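Peer 1: Please work out how this folds:
(chains A and B)
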Protein chains: 2
Amino acid sequence: MRNIVAIGSIAIDDVETPYGKREGAVGGSLTYFSYAASLFSDVALVGVVGKDFPLEVLKDLERRGCCLEGVEIKDGKSFRWAGVYRKGKEDPDTLKTELGLFGEFNPEPPESYRKTRILYLGNLAPSLQRALLEKIDYEIVAMDTMNHWIQSHRKELEEILPSIDVLFINRQEAEMLSGETGSYPSCLKLLKMGPRTVVVKRGEGGAIMCRENEVVAIPAYPVAEVIDPTGAGDSFAGGFLGSLASGTGWRRALAIGVAVSSFSVESFSVDRLKEISREDVERRLNKIRELVTF
Amino acid sequence: MRNIVAIGSIAIDDVETPYGKREGAVGGSLTYFSYAASLFSDVALVGVVGKDFPLEVLKDLERRGCCLEGVEIKDGKSFRWAGVYRKGKEDPDTLKTELGLFGEFNPEPPESYRKTRILYLGNLAPSLQRALLEKIDYEIVAMDTMNHWIQSHRKELEEILPSIDVLFINRQEAEMLSGETGSYPSCLKLLKMGPRTVVVKRGEGGAIMCRENEVVAIPAYPVAEVIDPTGAGDSFAGGFLGSLASGTGWRRALAIGVAVSSFSVESFSVDRLKEISREDVERRLNKIRELVTF
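Peer 2: Residues are numbered from 1 along each chain as shown, chains lettered A, B, ... in the order given. As a prediction, the model looks like this:
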């Protein structure tokens, strides 16, 4: 049995932020997720890349205990995203989204992936998420989504929510999906739509997690220079589920998600995630604890 | 010597929120501040109202230990604000702002106000804030401001910042005044502009306080139904400074600000602030502590 099977994009990003520019950087939701989760657990990836993707990154993930058996390497182009983060704006302006091979991706997880403790469905078409749900035997299933699916595939999305254990969603999307104002009212409404646990990512407001009779809120760790916000949410989910898979409790898993995502934004691409250790995360958890002490 | 001398608006509000409508409700930054601060300390108010303002509110404040000697009651109209909070939007649409007597307000604090532990300069023209600073002998001076003064009176505002001990400001205003993105980078920059302590109010993200070598962040207490957000920031400042005046430490004062403002939004006007006791605040502090425990 696997600990985590995760599906998502493995991409090449062209990113510009007030701190500089990176062309051809390693990106994609599954990449960030896997670097973060592999701090705590092995991860079996399901994805697709073109021959333009740097193979040493896949090798690096293998060295970190990831299984790449479910990653297809095909003739063609990898998912490519280009965006600019502007001063004073939290969300980037997207300049280019080229789906490449990811556009026709029809995931077929290998036989060895069929049983897992945690299944993570990254931000994908709800129909693909559902197909994975049916193919894999899991104990806990978590998913992410985005405004595009909420706007144009709401029905399919709402149909899978009752099967979901953990929904990761950002504040704007939570409000859009629930029709409520504010993360907490949105959480309460979303819990009625099916998921057993709702985790709303709220930028510098950190994260709030609602489950039956339990609410936890952790502020973001204050980062003086946010070099590149790309992948913060995926690193958060990776830290959360990676630690959960390794036996950590839910409240601490939430704080670990917050801590890991704070590292992720300290450099471009996955550079900072690559460097950090579990001890670094532990130290940051202590700082977060200090932050909220009164 | 006074504990707190506070200046600000005492107003009549016409408010509409997704939960209903209130015409002629008691409002104003000084009103919210005083109801909140008087839970912990006596407060000496400096303000002006017209004969249209309900006198029983001033009497109620006196019963709570406030001194109204500095509140002028004049022929003419009180400050009147009308606004609508719409679903999915944090900030209200202002329909009407009639300054009335507040427009020509030239505060002349009574002799008995000339010495105080804490001076609170509510959101006013920087020139008036400065005049008060010069007339009153204080140990700690705190101030609030708003986008209007930052945009059109930046120079005067920047000139008083070095005299300020505690700057209360919301996130958008902190970014506007500092030119940075995010509350924490803004705090760091604002500290260099003069104030010894910067407190950024960030809605459901709670509040972050930065002082020399110290950062504290408390998430907002989750309120399922935000009936009326008016005055949340003023109640926050009142809870913070009221408890500080009564000898509470800075970190706990921040949490008390967060707790008191969460009560404030649970009803229209100052209805909820009127009802609560220090024990209610204590219970909410315990809930906030539970919220951030991991």
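Peer 1: ok, residue A:164 touching residue A:145?
Peer 2: No - in this structure, residue A:164 is not within contact of residue A:145 by C-beta atoms under 8 Å, at 9.9 Å. In short, each C-beta sits where N, CA and C put it, glycine included.
Peer 1: Settle it for me: which of the two has more neighbours?
Peer 2: Shown here are residue A:164 and residue A:145; by other C-beta atoms under 10 Å in any protein chain shown, residue A:145 has more neighbours (26 against 23).
Peer 1: nearest spatial neighbour of the residue in the stretch 51-200 of chain A that chain B sits nearest to, skipping sequence neighbours?
Peer 2: Per C-beta to the nearest C-beta, residue A:184 is where the stretch 51-200 of chain A lies closest to chain B, at 3.7 Å. On the basis of C-beta to C-beta, 6 or more residues apart in numbering or on different chains, the spatially nearest residue to residue A:184 that is not a chain neighbour turns out to be residue B:222, at 3.7 Å.
Peer 1: part of a helix, is the residue of the stretch 51-200 of chain A closest to chain B?
Peer 2: Yes - the assignment for residue A:184, made by DSSP: H, G, I helix; E, B strand; the rest coil, places it in a helix.
Peer 1: residues in contact with it?
Peer 2: When contacts are counted by C-beta atoms under 8 Å, 6 or more residues apart in numbering or on different chains, residue A:184 is found next to A:208, A:210, A:215, B:204, B:222, B:223, B:224.
Peer 1: what does residue A:20 give?
Peer 2: Contacts for residue A:20 were tallied using C-beta under 8 Å, 6+ apart; they are A:227, A:268.
Peer 1: Could you check the pLDDT of it?
Peer 2: The score at residue A:20 is 97. That number is its pLDDT.
Peer 1: So what sits opposite it in the bridge?
Peer 2: Following DSSP bridges, residue A:20 is listed with bridge partners residue A:17.
Peer 1: And for residue A:168?
Peer 2: Beta-bridge partners of residue A:168, as defined by DSSP bridges: residue A:144, residue A:199.
Peer 1: Tell me the confidence at the nearest residue to residue A:53 once chain neighbours are set aside?
Peer 2: Once flanking residues are discounted, residue A:53 sits nearest to residue A:78: 4.5 Å by C-beta to C-beta, 6+ apart. Residue A:78 carries a pLDDT score of 97 in this model.
Peer 1: quick one on the thing from earlier: what about the residue nearest to residue A:184, how many neighbours?
Peer 2: By other C-beta under 10 Å, the residues close to residue B:222 number 20.
Peer 1: Got the phi and psi for it?
Peer 2: Torsion angles at residue B:222 (phi, psi; degrees, to the nearest 10) stand at phi -70, psi 120.
Peer 1: quick one, what contacts it?
Peer 2: Residues in contact with residue B:222, defined by C-beta under 8 Å, 6+ apart, are A:183, A:184, A:208, A:215, A:217, B:204, B:291.
Peer 1: Over to residue A:293?
Peer 2: If a contact means C-beta under 8 Å, 6+ apart, then residue A:293 has B:216, B:251 as its contacts.
Peer 1: Check whether it sits in a helix, strand or coil.
Peer 2: With three-state DSSP as the basis, residue A:293 sits in coil.
Peer 1: and the stretch 51-200 of chain A, which residues reach chain B?
Peer 2: By C-beta under 8 Å from any C-beta of the partner chain, the residues of the stretch 51-200 of chain A that approach chain B are A:87, A:88, A:89, A:90, A:175, A:181, A:182, A:183, A:184, A:185, A:188.
Peer 1: can we see that at 7 Å?
Peer 2: Contact residues of the stretch 51-200 of chain A with respect to chain B, defined by C-beta under 7 Å from any C-beta of the partner chain, are listed as A:87, A:88, A:175, A:181, A:182, A:183, A:184, A:185, A:188.
Peer 1: Compare those and tell me which is most surrounded.
Peer 2: For these, neighbours were counted using other C-beta under 10 Å, and residue A:183 has the most, 31 neighbours in all.
Peer 1: For that one, which non-adjacent residue is spatially closest?
Peer 2: Beyond its immediate neighbours in the sequence, the residue positioned closest to residue A:183 (C-beta to C-beta, 6+ apart) is residue A:200, lying 4.2 Å away.
Peer 1: With residue A:127 instead?
Peer 2: Once flanking residues are discounted, residue A:127 sits nearest to residue A:156: 5.8 Å by C-beta to C-beta, 6+ apart.
Peer 1: What residues of whichever strand or helix holds the one you found count as buried?
Peer 2: Under the assignment given by DSSP states H and E, the secondary-structure element containing residue A:156 is helix A:154-160. Judged by neighbour count (16 or more other C-beta atoms under 10 Å in any protein chain shown), helix A:154-160 contains these buried residues: A:157, A:160.
Peer 1: Relative to chain B, which residue of the stretch 151-294 of chain A is the closest?
Peer 2: At 2.9 Å from chain B, residue A:205 is the closest residue in the stretch 151-294 of chain A, using C-beta to the nearest C-beta.
Peer 1: Which residues are in contact with the nearest residue to that residue once chain neighbours are set aside?
Peer 2: Closest residue to residue A:205 in three dimensions, ignoring its sequence neighbours and counting by C-beta to C-beta, 6+ apart: residue B:205, at 2.9 Å. The neighbours of residue B:205, taking C-beta atoms under 7 Å, 6 or more residues apart in numbering or on different chains as the test, are A:202, A:204, A:205, A:219, B:219, B:220.
Peer 1: For the fifth one, grab the count of nearby residues.
Peer 2: Around residue B:219 there are 25 other residues, counting by other C-beta under 10 Å.
Peer 1: which residues does it contact?
Peer 2: If you count contacts by C-beta under 7 Å, 6+ apart, residue B:219 has them with A:205, A:206, A:217, A:219, B:205, B:206, B:291, B:292.
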